[in-house]
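J.: take this sequence and fold it.
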Amino acid sequence: MIDENLNLHWTIFVDNVVSLVGDKTVEKKK
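T.: Have a look, this model is predicted:
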């Protein structure tokens, strides 16, 4: 149970980081 919650939290965290990096990359290209 704890492992599943940690895995879900980690997945969301990574997704947010990827989105942030993606936004910064798009801004630099403009």
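
J.: now do the same for D15: its pLDDT.
T.: For D15, the pLDDT comes out at 97.

J.: for it, identify the helix or strand it belongs to.
T.: Secondary structure assignment for D15, by DSSP states H and E: helix 2-29.

J.: chain center to that helix: distance?
T.: A distance of 0 Å separates the centroid of the chain from that of helix 2-29, by Cα atoms, centre = their mean, to the nearest Å.

J.: then stretch 21-30?
T.: Its chain's average C-alpha position is 15 Å from that of stretch 21-30, according to Cα atoms, centre = their mean.

J.: in it, what counts as buried?
T.: Buried positions in stretch 21-30, judged by neighbour count with 16 or more other Cβ atoms under 10 Å: none. No exception for glycine: its C-beta is placed from N, CA and C like everyone else's.

J.: what mean pLDDT does that stretch get?
T.: Mean predicted confidence for stretch 21-30 is 83.

J.: output it as CSV, nothing but the C-alphas.
T.: Extracted C-alpha coordinates of stretch 21-30, given in CSV (Å, rounded to 0.1, in the frame of the first residue of the first chain):
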residue,chain,number,x,y,z
VAL,A,21,11.2,21.9,-18.1
GLY,A,22,9.1,21.6,-21.3
ASP,A,23,7.6,25.0,-20.7
LYS,A,24,11.0,26.6,-20.1
THR,A,25,12.3,24.9,-23.3
VAL,A,26,9.4,26.3,-25.3
GLU,A,27,10.0,29.8,-23.9
LYS,A,28,13.7,29.7,-25.0
LYS,A,29,12.7,28.7,-28.5
LYS,A,30,10.4,31.7,-29.0
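
J.: what residues does it touch?
T.: Here stretch 21-30 makes contact (Cβ atoms under 8 Å, 6 or more residues apart in numbering) with no residue beyond itself.

J.: number the residues from 788 up from this point.
T.: That works, and once the first residue is 788, the last one we named lands at stretch 808-817.
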